[in-house]
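Visitor: build me a model from this:
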Amino acid sequence: MAGIITTIVFFPLNFDEGYNLQVPVNLIHFGTYGSRTIEGIVPFDPFISTGPMVLIPITILFLICGQGIIQARLIPGLYAIGIAIISFLITEQLYSFSHACLMLFLLAIIGGAYWILGLVLGEGAGIFAVLSGLFAWAKAEARLQSRSALLAGLCWGFAIWAKPSMVVALIIIVCSLLISVRFTRGDAKLVKLVLIASVTGLLVGLSWFVWFWILKGSTPPKGLLMQQFSLSIARNFVQNLPRFVSSFGLLCFISILLLRKFYDQGHLHITKCAIYTLVTVWLLWWLLFNSDANYRHLFPGLVLGNILLAAALLLESKGHFIKATKFVLVLLLAINAFFPDGPINHFSHLRSALLRKKSPIGIRSLYR
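Guide: Have a look, this model is predicted:
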């Protein structure tokens with residue numbers, strides 16, 4: 001929490017934040033959800049940039065409290081708090097209170113967490129929506145509630161309205177649900193819930209792209225699919241591996257190797273299976289296919305992977321292999337704190353900023 005607050009208050013505006021914050025300003029002054037260019041107003045990019053789940057609340061806050069970076073960052077800050085709360089609830093429901101507490105500790109030390117979740121970016125809101133959907137689905141699975149399945153689908157769909165790249169999470173989750181239900185011995189009620197959540201998520205999520213692409217005529221940037229799903233696997237692997245190893249990526253992947261069972265007393269736990277599949281495919285997608293090598297693209301998988309990492313660290317087993325692996329995980333966790341994006345480096349930068357008495361740049365200065 002302290003790290004998020006320091007980011008909100010002390011870190012200067014960066015390019016992505018300025019680009020995103022033009023939308024609230026243009027909405028207030030011109031009533032248009034778009035960018036001001038020499039060619040006039042252009043619809044704001046719906047395929048890459050932060051979406052209305054972040055920018056609309058910021059607009060409302062600007063109208064109430066005035067324009068400024070701190071006001072703008074309060075919305076991502078609230079989403080960050082929501083991530084901590086909903087992650088805790090999911091982990092406690094699937095495992096135990098001890099697992100949930102450990103997961104919160106892991107979330108606090110994950111590399112880049114403070115600046116990614118504290119700045120005006122869409123990752124935090126997208127992760128919160130995905131986690132909220134998983135929490136709702138866990139209730140739907142446990143109680144066979146149609147309204148919980150509907151809520152899960154809505155949350156997964158609106159994750160794309162927060163950050164378009166969350167379409168990767170939506171596709172993985174839907175595929176995981178559809179495959180998992182194959183092993184539920186044909187439970188008609190569960191099949192119905194899977195269809196409700198999947199169809200709702202796809203309709204709500206893809207409608208964000210359809211609205212701009214078909215009705216507004218906004219086309220995806222050239223090379224977008226090649227950037228996100230490049231076929232140069234060998235080159236991407238070599239390019240991404242150093243960042244993967246020097247982050248929670250390696251820790252999450254080791255945890256996946258330890259957690260290979262989704263059955264609870266002979267019953268397939270679809271929620272655990274969905275989280276496991278989502279983290280596995282997300283990490284492999286980033287490691288092998290993401291030619292941009294942007295750490296922010298890896299970050300959502302790491303946040304979700306904290307649930308699996310906590311489960312792996314508290315895995316009860318007397319086997320020497322698992323004990324040795326858990327020791328390696330703890331050792332890597334300790335080393336991770338000293339990496340460039342780790343918490344020690346974050347607060348060192350904060351101390352330097354305070355010594356220089358730097359203060360955030362006002363957003364008004366961008367639009368004079």
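
Visitor: which parts of the stretch 251-368 of the chain are helices?
Guide: In the stretch 251-368 of the chain, the helices defined using DSSP state H, counting those that start in this stretch lie at 270-289, 295-313, 320-336, 343-355.

Visitor: what are the phi and psi angles of residue 112?
Guide: Main-chain dihedrals, residue 112, degrees, to the nearest 10: phi 80, psi 0.

Visitor: count of residues packed around it?
Guide: 22 (other CB atoms under 10 Å). For glycine as for every other residue, the C-beta is placed from the backbone atoms N, C-alpha and C.

Visitor: repeat for the one 5 residues further on
Guide: Residue 117 has 29 neighbours, counted by other CB under 10 Å.

Visitor: enumerate every residue touching it.
Guide: Listed by CB atoms under 8 Å, 6 or more residues apart in numbering, the contact set of residue 117 reads 4, 7, 76, 77, 79, 80, 83, 123, 124.

Visitor: nearest to residue 131, of the residues you listed?
Guide: Nearest to residue 131, judged by CB to CB, of the contacts of residue 117 is residue 83 at 6.4 Å.

Visitor: got the buried residues for the strand or helix carrying that closest one?
Guide: Assigned by DSSP states H and E, residue 83 belongs to helix 69-94. Going by neighbour count (16 or more other CB atoms under 10 Å), the buried part of helix 69-94 is 69, 71-77, 79-80, 82-84, 86-88, 90-91, 94.

Visitor: now, of the helices of the stretch 251-368 of the chain, which is deepest in the fold?
Guide: Among the helices of the stretch 251-368 of the chain, helix 295-313 has the highest mean neighbour count (mean count of other CB atoms under 10 Å), at a mean of 24.

Visitor: which parts of the stretch 101-250 of the chain are helices?
Guide: 113-118, 123-143, 146-162, 167-180, 188-210, 224-228, 233-245, 248-258.

Visitor: could I get the ones you listed as CSV with distance to residue 305 and mean pLDDT?
Guide: Listed next are these as CSV, based on distance: least, CB to CB, whole Å; pLDDT from 0 to 100:
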stretch, distance to residue 305, mean pLDDT
helix 113-118, 13, 87
helix 123-143, 12, 95
helix 146-162, 17, 95
helix 167-180, 13, 91
helix 188-210, 21, 91
helix 224-228, 20, 58
helix 233-245, 12, 87
helix 248-258, 3, 91
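
Visitor: my guess is residue 145 contacts residue 137. True?
Guide: No - between residue 145 and residue 137 there is no contact under CB atoms under 8 Å: 10.1 Å.

Visitor: neighbour count for those two, which is higher?
Guide: Between residue 145 and residue 137, counted using other CB under 10 Å, the more crowded position is residue 137 (27 against 16).

Visitor: the more buried one touches residue 146, doesn't it?
Guide: No - taking CB under 8 Å as the definition, residue 137 is not a contact partner of residue 146, at 12.0 Å.

Visitor: how far away is residue 76 from residue 122?
Guide: The gap separating residue 76 from residue 122 is 9 Å, by CB to CB, to the nearest Å.

Visitor: no no, residue 192
Guide: Residue 192 sits 32 Å away from residue 122, going by CB to CB.

Visitor: next: residue 253.
Guide: Distance, residue 253 to residue 122, using CB to CB: 25 Å.

Visitor: go on, residue 249?
Guide: From residue 249 over to residue 122 (counting by CB to CB), the distance is 21 Å.
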